[in-house]
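following is a predicted model, sequence given first.
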Amino acid sequence: MTRPQELPRWVDLLVVPLLNLALALLVAGLVVLAAGFQPGQVLALLVKGAFGSQAGIAYTLYYTTTFVFTGLAVAVAFHGGLFNIGGEGQAMVGGLGVGLAALAWSAHLPGWAMVPVMVAAATLFGMAWAAVPAALQAWRGSHVVITTIMFNFIASALLSYLLVHVLKDPGNMTPESRAFAESARVPGMHELLGALGIAWPRTPLNATVGLAAMAAVGVHLLLRHTRAGYALRAVGFSPEAARYAGMAPRRVVLSSMALSGALAGLVGVNEIAGVHGRLLLDFVAGAGFAGIAVSLIGRNHPVGIVLASLLFGALYQGGAELAFEIPGFSRDMVFMLQGLIVLFAGAMAQVSAAWLARGWWHWQRRHRVSATDGAPA
């Protein structure tokens, strides 16, 4: 009897990530215990810091918004057979697009027009930055992993140069642009809910969270319910078979990476237009690399990515609270937990999947034998 090579879809999307997360938390608990802390207390305070108050929930959702964009960016490229490591640089350049648009037009356009302009600038700049490595891969054979990594450094150097020598606010020693006009600001969630009569604390959470939700729905519809999404997945699965079927792999590679860059560029809307109100040097702060882990944990599915982003948002917010609540508990312990989740979700994912596949095969075999034994002669 041949054992099945694949798990059912619901097991792969739900059970495998939960098992990986449970293993990561178990190992993290042992490390926390060895460091002299109580794992139960740490976990309870982590959850309380992330979801125990309106402010905690708002900060968690604020971080979640950024991770949704970078996680979706990785997933879209992955479905096209590409491993986009350049989300960090694409987010930087997307933020640069937001900043340039705000500096150029915020004094002349009202908010209802300025916000769509900034969203368009973020997507176009991120798209253009990702399209160059895609073209190099499609037409010149340059590996997209190498080129996107290098483009992260180029984006950082470009942003540094512009903020130090071109865009820096005169008289300000910090490398940042001047403040945008009020129209170049995405409304905060406290303002939107306040207009409805709902009291909400003032936090960085802003209306970009709705844009992240629409992006997740749009990516799902694109991948599963459109011809373009089918072509993207076909090229990712087998470029030669896709070419034989009449598709153009080069064009699909370019379009998938461009969409990936556009999604990563939207980080600039959440951070630059939604929170800071000016162009900063290090506003991405590793979110592009965290998106790789988010996509792995979410199994490259939009729903899984949203849930994984919520997990990472809770770790960021709850981890910050732990440093205040538990003396001696450092931020490095939170980074350790994140690293274990990445390890088990990425490197160890196939190990747990193999265990589950073996158990699934034995369960099916026993079920078939029981059905055969109970059948009438």
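Good, I have the coordinates.

hmm, who's touching stretch 168-179?
With contact meaning Cβ atoms under 8 Å, 6 or more residues apart in numbering, stretch 168-179 is reached by Gly99, Leu103, Ser160, Leu163, Val164, Leu167, Gly277, Arg278, Leu279, Leu280, Leu281. C-beta: built from backbone N, CA, C; applies to glycine.

let me see the ranges of the helices in the stretch 151-300 of the chain.
189-195, 208-225, 227-237, 239-244, 249-265, 267-268, 287-297 (DSSP state H, counting those that start in this stretch).

for Val306, which of the ones you listed is the nearest?
Of all the helices of the stretch 151-300 of the chain, it is helix 208-225 that lies closest to Val306, at 5.3 Å by Cβ to Cβ.

and the pLDDT for Val369?
Looking at Val369, its pLDDT stands at 58.

return the member of the contacts of stretch 168-179 nearest to Leu263.
Closest approach between the contacts of stretch 168-179 and Leu263, by Cβ to Cβ: Gly99, at 18.6 Å.

quick one: secondary structure of that closest one?
Classification of Gly99 by DSSP: H, G, I helix; E, B strand; the rest coil places it in helix.

cool, Leu18 as well?
Three-state call for Leu18 (three-state DSSP): helix.

what does the one 3 residues further on give?
In the three-state summary, Leu21 is assigned as helix, counting by three-state DSSP.

grab the nearest non-local neighbour of it.
Spatially, and ignoring its direct neighbours in sequence, Leu21 is nearest to Ile341 (6.6 Å; Cβ to Cβ, 6 or more residues apart in numbering).

secondary structure class of that neighbour, three-state.
Put simply, Ile341 is helix when judged by three-state DSSP.

okay, now it: neighbour count?
Counted with other Cβ atoms under 10 Å, residues neighbouring Ile341 total 26.

tell me the helices and strands packed up against whichever helix or strand Val303 is part of.
Per DSSP states H and E: Val303 is located in helix 302-325. Where contact means 3 or more Cβ pairs under 8 Å, 6 or more residues apart in numbering; DSSP states H and E, helix 302-325 is packed against helix 16-34, helix 39-51, helix 54-79, helix 208-225, helix 287-297, helix 331-342.

can you give me the buried ones in the last one?
By neighbour count with 16 or more other Cβ atoms under 10 Å, helix 331-342 contains the buried residues Met333, Val334, Met336, Leu337, Gln338, Leu340, Ile341, Val342.

got a pLDDT number for the nearest residue to the last one once chain neighbours are set aside?
It stands for Val342. Of all residues beyond its chain neighbours, the one nearest Val342 is Ala293 (4.3 Å), with distances taken as Cβ to Cβ, 6+ apart. Looking at Ala293, its pLDDT stands at 86.

Ala293 reaches Phe312, doesn't it?
Yes. The pair Ala293 / Phe312 is scored as a contact, 7.3 Å apart, by Cβ atoms under 8 Å.

more crowded one of the two?
More crowded of Ala293 and Phe312, by other Cβ under 10 Å: Phe312, with 26 against 23.

distance of the nearest residue to Val74 once chain neighbours are set aside relative to Ala308?
Leaving aside its sequence neighbours, Val74 sits nearest to Ser295 (Cβ to Cβ, 6+ apart; 3.8 Å). Ser295 sits 8 Å away from Ala308, going by Cβ to Cβ, to the nearest Å.

overlap of the contact sets of these two?
With Cβ under 8 Å, 6+ apart, Ser295 and Ala308 have common neighbours Gly71.

ok so, going back, export the contacts of stretch 168-179 as TSV, with columns for neighbour count and distance to Met257.
Shown next, in TSV, are the contacts of stretch 168-179 (neighbours: other Cβ atoms under 10 Å; distance: Cβ to Cβ, whole Å):
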residue	neighbour count	distance to Met257
Gly99	30	23
Leu103	18	28
Ser160	14	24
Leu163	21	26
Val164	12	29
Leu167	19	27
Gly277	19	31
Arg278	22	29
Leu279	28	25
Leu280	20	26
Leu281	17	26
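
in JSON lines: the residues you listed, plus pLDDT and distance to Asn84.
Listed next are the contacts of stretch 168-179 as JSON lines, based on pLDDT from 0 to 100; distance: Cβ to Cβ, whole Å:
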{"residue": "Gly99", "pLDDT": "96", "distance to Asn84": "23"}
{"residue": "Leu103", "pLDDT": "95", "distance to Asn84": "28"}
{"residue": "Ser160", "pLDDT": "95", "distance to Asn84": "23"}
{"residue": "Leu163", "pLDDT": "95", "distance to Asn84": "25"}
{"residue": "Val164", "pLDDT": "93", "distance to Asn84": "28"}
{"residue": "Leu167", "pLDDT": "93", "distance to Asn84": "27"}
{"residue": "Gly277", "pLDDT": "94", "distance to Asn84": "29"}
{"residue": "Arg278", "pLDDT": "95", "distance to Asn84": "28"}
{"residue": "Leu279", "pLDDT": "95", "distance to Asn84": "24"}
{"residue": "Leu280", "pLDDT": "93", "distance to Asn84": "23"}
{"residue": "Leu281", "pLDDT": "90", "distance to Asn84": "23"}
